[in-house]
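Participant: After the sequence you'll find the predicted model.
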Amino acid sequence: MSAAPVITAPQVEQDGVKVIRGLAMDAVQKAGNGHPGTAMALAPLAHVLWTRIMRYDAKQPDWFDRDRFVLSAGHASILQYSMLYLTGYGLELSDIQAFRTYGSKTPGHPERNHTTGIEVTTGPLAQGLANAVGMAVAEANLRARFGADVCDHHTFAIAGDGCLSEGLSHEASSLAGHLGLGRLVVIYDDNHITIDGPTELSLSDDAGARFRAYGWHVEEVGEIANDLDPLEAAIRRAMAVTDRPSLIRLRSHIGYPAPNKTDQESAHGEPLGVDEVAKTKDILGMPQGPFWVPDEVLAMYRAAGRGGASLVTDWQARVAMRSADVEVAAILSGQPLAGWVDALPHYEVGTNKATRRASGECLQALIAKVPGLFGGGADLTGNTGTMIKGAGVFTKATPEGRLIHYGVREHGMGAIMTGMAAHGGLLPVGGTFFVFSDYMRGAVRVAAISGVKVIYSWTHDSIGVGEDGPTHQPIEHLASLRAMPNLRLIRPADANETAAAWRVAIEADSGPTALVCSRQDVPVLQGTAERAVEGVARGAYVLSGTAGDEPDIILIGTGSEVQLCVAAAESLRADGYDVQVVSMPSWDLFEDQDDEYIESVLPGGVPVVAVEMGSSFGWERWADLVIGLDTWGSSGASEVVIREYGFTAEAVVEAARMLLDDDE
């Protein structure tokens with residue numbers, strides 16, 4: 001079903017396009033920096049999308065079944081802000097005038113949760129394109145599972161030469177073609193300009209041939225960037241293709257119709273200049289005053305912004321008829337089903353199990369209780385605990401499946417997961433080896449900035465990887481990712497802590513959670529069954545000893561190294577020392593606790609030894625002495641490598657005695 005068309009006099013439409021171009025020029029000129037050229041060139045396209053194509057209601061911007069729009073070329077943010085203002089999403093003209101200023105609703109690049117109507121945070125090129133693929137995956141899956149009455153819409157994205165140049169675009173577009181995501185329409189703004197100059201300096205790809213090879217429908221429409229009816233027709237032809245995603249290759253001219261800036265790299269990232277703005281407005285037949293928005297143009301766009309109001313009402317009525325369907329309610333609310341916590345497994349002391357295996361068991365147990373869970377891995381589902389049995393595989397033929405095979409596409413997986421989460425309805429889980437989180441880092445960073453709720457399953461978390469050697473053994477990764485704001489990083493000590501970490505990830509209101517799990521088996525420790533649920537949620541807790549006491553020494557471990565602290569504590573206690581063992585699965589969760597709790601776990605004045613098979617960087621904030629790893633690992637049997645690098649209970653005892661001797 002389409003939104004009711006907005007019937008508008010042709011001259012008012014043309015004036016609308018002029019207004020969009022004028023806002024792009026004036027806002028960037030006033031800010032003194034920004035990217036006017038792409039917004040000017042794509043003003044007709046934006047007009048067509050917001051008035052003729054997309055199904056939305058600006059007054060109900062979170063309507064679940066709205067069409068999604070992604071500006072992958074996020075530097076052209078003024079284009080999107082202008083449309084959000086004009087169609088009535090809540091931005092005012094004063095917000096456009098405050099473009100790129102501190103505290104404004106119109107920052108330099110679009111930011112999800114900062115400006116109403118922005119679906120995803122874009123700017124790092126190709127992230128938005130991959131996010132759009134994730135949105136299309138979510139739409140296809142939810143439509144297949146719950147029907148078109150609940151979910152039935154398109155995802156539109158604008159991508160530029162920079163997006164297609166980034167390797168991420170290959171990963172995401174290849175998978176999109178393989179999956180046949182027919183509700184995805186990408187308009188490629190082929191303007192032949194990058195910051196350094198013409199794209200021919202570094203790019204000679206045949207983009208059309210490339211996307212056809214991916215399995216996309218491709219239409220190369222050429223020089224129609226200023227023609228409203230042909231633009232609409234091209235988009236509607238793409239929308240009619242239901243068995244594969246579509247790429248519309250549009251030849252535009254950056255900065256059009258500026259007399260001295262059109263097709264110039266200076267139009268990409270610089271204000272046009274006062275004289276050039278004036279000359280351009282003369283060419284367009286616009287008044288010279290800044291921020292010109294005539295009443296009839298604003299009325300046209302505001303009418304378009306409410307064009308989908310009846311669609312929202314109809315959708316609400318259809319969904320109300322499904323009120324007894326608890327899974328539909330869970331999908332729309334983003335919540336698990338009642339009793340989901342009881343589904344999590346519990347583990348007996350002495351059981352030996354790799355935390356990656358325990359994580360996989362948690363995921364399998366939760367799949368029936370958390371309808372939004374949607375798992376997958378970058379060719380490593382079995383290795384990373386992201387294999388899901390009995391829920392089907394998401395393919396072109398079976399879009400109802402809840403396990404997706406991303407292939408060897410870590411960056412693509414991460415960015416696609418962000419898009420799924422931003423779409424709503426799905427809680428994506430994606431896995432790879434911890435060392436290959438490097439390939440995901442750009443996507444993880446955007447997810448953390450955006451606050452989208454995703455779960456990363458990063459396994460093979462240390463030199464315990466063994467024979468695969470230093471290329472596969474993460475060293476600096478814990479320290480590096482702990483430095484990333486808003487990333488909830490949890491490295492569980494055993495299977496019970498792993499189940500508790502899953503509980504944290506499911507209960508989180510927002511933001512990404514990373515589960516960092518072991519390849520090798522580790523024992524289920526005494527005390528985790530009773531203490532892990534609260535302890536993991538608080539980031540650190542006293543596993544053995546008495547919280548609040550002032551012991552002789554504290555031993556902190558994370559992950560598989562907690563067992564070393566437990567063993568060392570037994571030896572030290574045999575010699576008469578009062579020892580506390582602290583499991584610290586999450587620095588960031590611990591930092592969020594109040595001073596009283598932090599003091600109860602790590603009382604001041606007590607010497608502390610920390611043990612972690614990773615970089616010692618940063619541990620000085622918690623410990624007086626660190627048994628860490630500030631060099632590359634080696635190839636060999638896991639237990640041999642771990643021992644040879646000094647990660648033994650005896651080494652922990654020796655370090656503790658050094659501190660105890662110094663303290664005497």
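Facilitator: All right, it came through fine.

Participant: mind checking the backbone torsions on residue 506?
Facilitator: In this entry, residue 506 is assigned phi and psi values of phi -70, psi -40 (degrees, to the nearest 10).

Participant: Test my guess that it contacts residue 340.
Facilitator: Yes - with contact taken as Cβ atoms under 8 Å, residue 506 and residue 340 are classed as touching, separated by 7.1 Å. The way it works is simple: take the backbone N, C-alpha and C, and place the C-beta from them, glycine included.

Participant: what touches both of these two?
Facilitator: Taking Cβ atoms under 8 Å, 6 or more residues apart in numbering as the contact definition, residue 506 and residue 340 share the neighbouring residues 366, 370.

Participant: The two: who's more crowded?
Facilitator: Just comparing residue 506 and residue 340: by other Cβ atoms under 10 Å the higher neighbour count belongs to residue 506, 22 against 18.

Participant: ok, that one - contacts?
Facilitator: Under the criterion of Cβ under 8 Å, 6+ apart, the contact list for residue 506 reads 336, 340, 366, 370, 427.

Participant: ok, the closest residue to the fourth one other than its chain neighbours - how many residues close by?
Facilitator: Yep, that's residue 370 we're talking about. Sequence neighbours aside, residue 336 is the residue nearest to residue 370 in space, at 4.3 Å (criterion: Cβ to Cβ, 6 or more residues apart in numbering). A count of nearby residues for residue 336, using other Cβ under 10 Å, gives 19.

Participant: Same check on residue 274?
Facilitator: Residues lying near residue 274 (other Cβ under 10 Å) number 9.

Participant: still on that earlier bit, hang on, the residue nearest to residue 370 packs against residue 369?
Facilitator: Yes - here residue 336 lies in contact with residue 369, judged by Cβ under 8 Å, at a distance of 5.7 Å.

Participant: For the contacts of residue 506, work out which two are farthest apart.
Facilitator: Checked with Cβ to Cβ, these reach their widest spread between 340 and 427, with 11.7 Å between them.

Participant: Report the set of residues contacting both of those two.
Facilitator: By Cβ under 8 Å, 6+ apart, the residues touching both residue 340 and residue 427 are 370, 506.

Participant: Just list the residues touching the residue nearest to residue 370, thanks.
Facilitator: Here residue 336 is in contact with 330, 366, 369-372, 506 (Cβ under 8 Å, 6+ apart).

Participant: Dump whatever helix or strand residue 18 lives in to PDB, keeping only the CA atoms.
Facilitator: With the criterion set as DSSP states H and E, the secondary-structure element containing residue 18 is helix 10-31. Only the C-alpha atoms of helix 10-31 are listed here, as PDB (Å, rounded to 0.1, in the frame of the first residue of the first chain):
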ATOM      1  CA  PRO A  10       4.700  22.000 -10.900                       C
ATOM      2  CA  GLN A  11       6.000  25.400 -10.100                       C
ATOM      3  CA  VAL A  12       5.700  24.800  -6.300                       C
ATOM      4  CA  GLU A  13       7.600  21.600  -6.800                       C
ATOM      5  CA  GLN A  14      10.300  23.400  -8.600                       C
ATOM      6  CA  ASP A  15      10.400  26.000  -6.000                       C
ATOM      7  CA  GLY A  16      10.700  23.200  -3.400                       C
ATOM      8  CA  VAL A  17      13.900  22.000  -5.100                       C
ATOM      9  CA  LYS A  18      15.200  25.500  -5.200                       C
ATOM     10  CA  VAL A  19      14.600  25.800  -1.400                       C
ATOM     11  CA  ILE A  20      16.500  22.600  -0.700                       C
ATOM     12  CA  ARG A  21      19.400  23.800  -2.800                       C
ATOM     13  CA  GLY A  22      19.200  27.200  -1.100                       C
ATOM     14  CA  LEU A  23      19.300  25.700   2.400                       C
ATOM     15  CA  ALA A  24      22.300  23.600   1.500                       C
ATOM     16  CA  MET A  25      24.200  26.700   0.300                       C
ATOM     17  CA  ASP A  26      23.100  29.000   3.100                       C
ATOM     18  CA  ALA A  27      23.600  26.600   6.000                       C
ATOM     19  CA  VAL A  28      27.100  25.600   5.000                       C
ATOM     20  CA  GLN A  29      28.000  29.200   4.200                       C
ATOM     21  CA  LYS A  30      26.700  30.300   7.600                       C
ATOM     22  CA  ALA A  31      28.600  27.500   9.400                       C
END
